[in-house]
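Q: Sequence and computational prediction follow.
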Amino acid sequence: MRTGLTSKIDGVIFDLGSTLLEYETIPWDELSLQSVESGYAFLKDREFKMPSLGDFTAYYLDIRDRYREYSARTLKEWIITDAAIDLMCKCGINADQRLVEDFLEAYSQPLVRQVTMFADVPIVLRGLKSAGIKIGLVSNTIYPAEFHRNELKNYDIFDLFDFTVFSSEFGYRKPHRSIYQEAVDLIQIAPEHLLFVGDRYIEDYHGPVEFGMNAIIRYREGREYPEPLPDELIMIQSLSELLAILSVKIADKCK
């Protein structure tokens, strides 16, 4: 395993959740239940014959857990639209594409309402771009890729990325080697000159380092990190610390 930063970093690849955007202002399990309730209310409003909310939730949790187990075992990503089709089928609803899309919009509303962008993200991304450093994004997600691309557009940072890879679209999730290879192929920079930045140890540090990249952990309280941490691991509290690590200076706007 190669460790430490190389003398020259030509590209930085970011994780999305808890690195650039904050999705976890409330716990994921609680948010998931809110999403299920929102999806249930949508179907009730459409006057479908529905089971009780308790049964609907139990169906969802069973389907979700089966998809999660398969994904954890194979590193093949699952996608929420497939689970939604299974869920509606369980309720006797024949779901066409439009209904699935409308259900997903309702289901995602609790997530959309509470997501925020970390304040230093635009400064860091624009600082890296101004220094001639390429920027990519590799994210594990069960949501359609377009959902997240629209998020980045809404925050006016999408055009700062040279590429984006979402596991739901790519097919495999971190730490599968193929997703890191896809990033290298898209950014056209050798792994030893790339830096991966994310909040999870296996997906965003160990996986990239095993592949030959440099990696830095953005610390997130509640994450599982090894004890003791590797001596060579660099951990930052805020994204803006990257600029100092990479000796990137922010242009003086007054000049």
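A: Sure, I can see it. From a predicted model like this one, the values you see are computed outputs, not experimental measurements. Numbering: from 1, shown residues only.
Q: Pop out the phi and psi values for Leu75.
A: For Leu75, the backbone dihedrals are phi 60, psi 10 (criterion: degrees, to the nearest 10).
Q: Name all residues that make contact with it.
A: The contact partners of Leu75, taken as Cβ atoms under 8 Å, 6 or more residues apart in numbering, are 172-173, 175-176. Yep, even glycine has a C-beta here, placed from its N, CA and C like the rest.
Q: Excluding chain neighbours, what is closest to it?
A: Nearest residue to Leu75 in three dimensions, chain neighbours excluded: His176, at 4.2 Å (Cβ to Cβ, 6 or more residues apart in numbering).
Q: count of residues packed around that neighbour?
A: Residues within reach of His176, counting by other Cβ atoms under 10 Å, total 20.
Q: roughly how far apart are it and Thr74?
A: According to Cβ to Cβ, to the nearest Å, His176 stands 9 Å off from Thr74.
Q: related to what we said a few turns ago, highest neighbour count among the contacts of Leu75?
A: Among the contacts of Leu75, the one with the most neighbours (other Cβ under 10 Å) is Arg173, at 24 neighbours.
Q: which non-adjacent residue is nearest it?
A: Ser167 (4.0 Å).
Q: quick one: the helices in this protein?
A: 28-45, 53-74, 80-90, 97-114, 121-130, 145-154, 167-170, 177-187, 201, 207-211, 241-245 (DSSP state H).
Q: can you count the residues close to the residue nearest to Arg173?
A: By other Cβ under 10 Å, neighbour count at Ser167 equals 25.
Q: again, but for Phe147
A: When neighbours are counted by other Cβ under 10 Å, Phe147 comes out with 18.
Q: OK, contacts around it?
A: Listed by Cβ under 8 Å, 6+ apart, the contact partners of Phe147 are 104, 108, 141.
Q: Ser108 versus that one, what's the distance?
A: Plainly put, Phe147 is 7 Å away from Ser108 if you go by Cβ to Cβ.
Q: Asp82 reaches Tyr67, doesn't it?
A: Yes: look at Asp82 against Tyr67 with Cβ atoms under 8 Å: they come within range, at 7.4 Å.
Q: neighbour-wise, which of these two wins?
A: Tyr67 (19 against 14).
Q: which residues does Ala215 bridge with?
A: Beta bridges link Ala215 to Phe196 when assigned by DSSP bridges.
Q: Distance-wise, check it relative to Glu203.
A: 10 Å.
Q: Next: His176.
A: Remark: distance between His176 and Glu203 (Cβ to Cβ) = 10 Å.
Q: got a list of what Leu137 touches?
A: For Leu137, the contact set (Cβ under 8 Å, 6+ apart) comprises 13-16, 20, 152, 161, 163-165.
Q: Can you flag which of the residues you listed belong to strands?
A: 13-14, 163-165 (DSSP state E).
Q: Compare the residues you listed and tell me which is most surrounded.
A: Highest neighbour count within the ones in strands among the contacts of Leu137: Ile13, with 28 neighbours (other Cβ under 10 Å).
Q: Nearest residue to it in space, please, no chain neighbours.
A: Gly136 (4.3 Å).
Q: Tell me the pLDDT of the one you found.
A: On pLDDT, Gly136 comes in at 98.
Q: hang on, the earlier thing: could you dump the helices of the chain to JSON lines with mean pLDDT and distance to Tyr219?
A: Putting the helices of the chain into JSON lines (pLDDT from 0 to 100; distance: least, Cβ to Cβ, whole Å) gives the following:
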{"stretch": "helix 28-45", "mean pLDDT": "94", "distance to Tyr219": "18"}
{"stretch": "helix 53-74", "mean pLDDT": "97", "distance to Tyr219": "24"}
{"stretch": "helix 80-90", "mean pLDDT": "96", "distance to Tyr219": "28"}
{"stretch": "helix 97-114", "mean pLDDT": "95", "distance to Tyr219": "21"}
{"stretch": "helix 121-130", "mean pLDDT": "96", "distance to Tyr219": "16"}
{"stretch": "helix 145-154", "mean pLDDT": "97", "distance to Tyr219": "23"}
{"stretch": "helix 167-170", "mean pLDDT": "98", "distance to Tyr219": "23"}
{"stretch": "helix 177-187", "mean pLDDT": "98", "distance to Tyr219": "22"}
{"stretch": "helix 201", "mean pLDDT": "96", "distance to Tyr219": "11"}
{"stretch": "helix 207-211", "mean pLDDT": "96", "distance to Tyr219": "17"}
{"stretch": "helix 241-245", "mean pLDDT": "93", "distance to Tyr219": "10"}
